[in-house]
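> with the sequence up front, the predicted model follows.
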Amino acid sequence: MQKLIVDGGKRLNGTIRIHGAKNSVLPVLAATLLTNGQSIIHNCPHLSDVDCSVRILKNLGCKVKHVNSSVTVDSSNSDGFEIPDAMMREMRSSIVFLGAIIARHGQARISFPGGCELGPRPIDLHLDSLRQLGVIIEEDHGFLHCKSNGRLNGAKITLSFPSVGATENILLAACTAKGDTMILNAAREPEISDLADFLNACGAKIHGAGGGTILINGVQKLRPSEYTVIPDRIAAATFLAAAAATQGHLILQDVIPAHLSPVIPVFEDAGCEIDIRGREISIIAPRRLQSFKTVRTMPYPGFPTDAQAPVMAASTIADGTSIFIETIFENRFKHAAELMRMGAHIKIEGRVAVVEGNNRRLWGVPVEAADLRGAAALVIAGLAAEGTTEITGLQYLDRGYERLEDLLSGVGASIKRKNIEEDIKK
Ligand code: EPZ
């Protein structure tokens, strides 16, 4: 077990390069299954979710290497079509491999991905969409047995909710189907466009990704390709929140500012000065952060649910009341209880959290993370707190942030990672 030890009260000041987007790398790695050969994916961060995706590809018979920030996948001899229960439980977003496995092998066997720390995480939209493409899916003793009779058939699919994962599974299954597929009410997240760009680089014919209606002209087969995924907009938003919480001045390099357009106005409302130059964003936070007013999470291009926890952490030391409305996930306020242990004033009513900042100081205490973005929120609170904060539950943090403590130390934070066994030995 490990913990982070943060000595708070230090202003962040410096430059941070943003790593590749976790939520792009996962579907793009799944997509390499569809290309009969060796693809190289650049800008892949070393995260436990990426490591899990690499293990899934190896389990499916691919040769995979992750060297520096490039992942090389040779799927020529892929012969597996099962994802074991342990892997599905380790990363429930492994569901995004389903469409690719079926399109490549004509069958798939995966265990029903359980819920996760954010709530039940249903996959009905994924399964209904795949059935419309001709996949026969039987649920048996917690496993999904999926089969297709030869190539899938294009279909017109309307999603009742613009699900990111379901949109990705349709793209992965439909790009080599017979005929055309249209997705109505598709997710519009930048990671969808990134996946479509990779698939098109491999020879797919996908039009309109990034918008609500996507047209896919099925092709016979795809070829391997070399590709660089987009920067992680949620990691960027997390560092903006860290600057805001520490009256800091950060320059974020290698971002795509347009991907942060739902987030930047929220920080400007709170009194931060944001400057955009090409692929760089700089933030100068005020000495007294103002309230974040009302932050409502929505599908892109609305405010991203993944940035809710980090921004809430910054709002706890703002001068005023901020309201957070979490419309995407049922159970995404777990970090609030830990922030309250640090002295934050937060009231939760269902999907609404009211944070009374009043420029309250936080104090450092031992806290425990319960999910990925909640872990980032606790780090941000620790940076702002007086005294020392000890954060456990780093297995969540390491799913989505590469070397977070090194990057923060590089811009003035006092933060280090320790093995808890060390303490017990003393
Ligand atoms: C993706 O999850 C991201 N994960 C999540 O990021 C992100 O929070 C989410 O999109 C929303 O932007 C990856 O890309 C790996 P959804 P996904 O399908 O695909 C309901 C992080 O922190 N729903 O858009 O699972 C679902 O219950 C992670 O990086 C159904 O009802 O999100 C939820 O309420 C967390 N039925 C809502 O839709 C379905 O079949 C959003 O889910 C599928 C989803």
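The structure has been received and is ready for your questions.

> give the contact list for residue 20.
The contact partners of residue 20, by C-beta atoms under 8 Å, 6 or more residues apart in numbering, come to 42-45, 69, 228-232. C-beta here means a position set from N, CA and C on the backbone, and glycine is covered the same way.

> and these as TSV, adding pLDDT?
Output for the contacts of residue 20, formatted as TSV (pLDDT from 0 to 100):
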residue	pLDDT
42	98
43	98
44	98
45	98
69	97
228	98
229	98
230	98
231	98
232	98
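
> ChimeraX command to pick out the buried ones of the residues you listed?
A single ChimeraX command selects the buried members of the contacts of residue 20 (16 or more other C-beta atoms under 10 Å):
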select :43,44,45,69,228,229,230,231,232
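
> between the contacts of residue 20, which sits nearest the ligand?
The shortest approach to the ligand among these belongs to residue 232, at 8.9 Å (C-beta to the nearest ligand atom).

> ok, the closest one touching residue 17?
No: when contacts are counted by C-beta atoms under 8 Å, residue 232 is not listed as touching residue 17 (10.9 Å).

> quick check: residues of the stretch 1-150 of the chain near the ligand?
22-23, 26, 93, 121-126 (C-beta under 6 Å from any ligand atom).

> got the contact list for residue 226?
Contacts here follow C-beta under 8 Å, 6+ apart; on that basis residue 226 touches 39-42.

> tell me the phi and psi of it?
phi -110, psi 130 (degrees, to the nearest 10).

> so that it lines up with my notes, have the first residue be 40 from now on.
In the new count, where the first residue is 40, that last one comes out as residue 265.

> list the beta-bridge partners for it.
residue 79 (DSSP bridges).

> what about it, distance to the ligand?
According to C-beta to the nearest ligand atom, to the nearest Å, residue 265 stands 22 Å off from the ligand.

> so for that residue, what's the pLDDT?
Residue 265 is assigned 98 on the pLDDT scale.

> where does the stretch 290-439 of the chain have low pLDDT?
With pLDDT under 70 as the threshold, the stretch 290-439 of the chain has low-confidence stretches at 399.

> what residues does it have near the ligand?
Residues of the stretch 290-439 of the chain found near the ligand (C-beta under 6 Å from any ligand atom) are 344-345, 367-368, 411-412, 439.

> pretty sure residue 269 sits against residue 228.
No: counting by C-beta under 8 Å, residue 269 does not reach residue 228; the two are 10.4 Å apart.

> strands of the stretch 340-465 of the chain, start to end?
360-364, 384-388, 391-395, 405-407, 427-431, 453-458 (DSSP state E, counting those that start in this stretch).

> mind putting those strands in CSV, distance to residue 181 included?
CSV is the format used below for those (distance: least, C-beta to C-beta, whole Å):
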stretch, distance to residue 181
strand 360-364, 34
strand 384-388, 32
strand 391-395, 34
strand 405-407, 29
strand 427-431, 31
strand 453-458, 35
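
> contact partners for the closest residue to the ligand within the stretch 240-389 of the chain?
At 4.3 Å from the ligand, residue 345 is the closest residue in the stretch 240-389 of the chain, using C-beta to the nearest ligand atom. For residue 345, the contacting residues are 273, 276, 412, by C-beta under 8 Å, 6+ apart.

> got CSV for the strands of the stretch 340-465 of the chain, with mean neighbour count too?
What follows is these, written out as CSV (neighbours: other C-beta atoms under 10 Å):
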stretch, mean neighbour count
strand 360-364, 20
strand 384-388, 14
strand 391-395, 19
strand 405-407, 20
strand 427-431, 21
strand 453-458, 15
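
> any stretches of the stretch 90-239 of the chain with poor pLDDT?
153-154.

> where along it do the helices fall?
Taking DSSP state H, counting those that start in this stretch as the test, the helices found in the stretch 90-239 of the chain are 124-129, 137-144, 163-171, 203-213, 229-240.

> now, the residues of the stretch 290-439 of the chain next to the ligand that are in helices?
Residues of these located in helices (DSSP state H): 411-412, 439.

> out of those residues, who has the most neighbours?
Neighbour counts for those, by other C-beta atoms under 10 Å, peak at residue 412, which reaches 29 neighbours.

> so what's the residue count around the residue nearest to that one when sequence neighbours are not counted?
Spatial nearest neighbour of residue 412, excluding adjacent residues (C-beta to C-beta, 6 or more residues apart in numbering): residue 348 at 4.2 Å. Using other C-beta under 10 Å, residue 348 is surrounded by 28 other residues.
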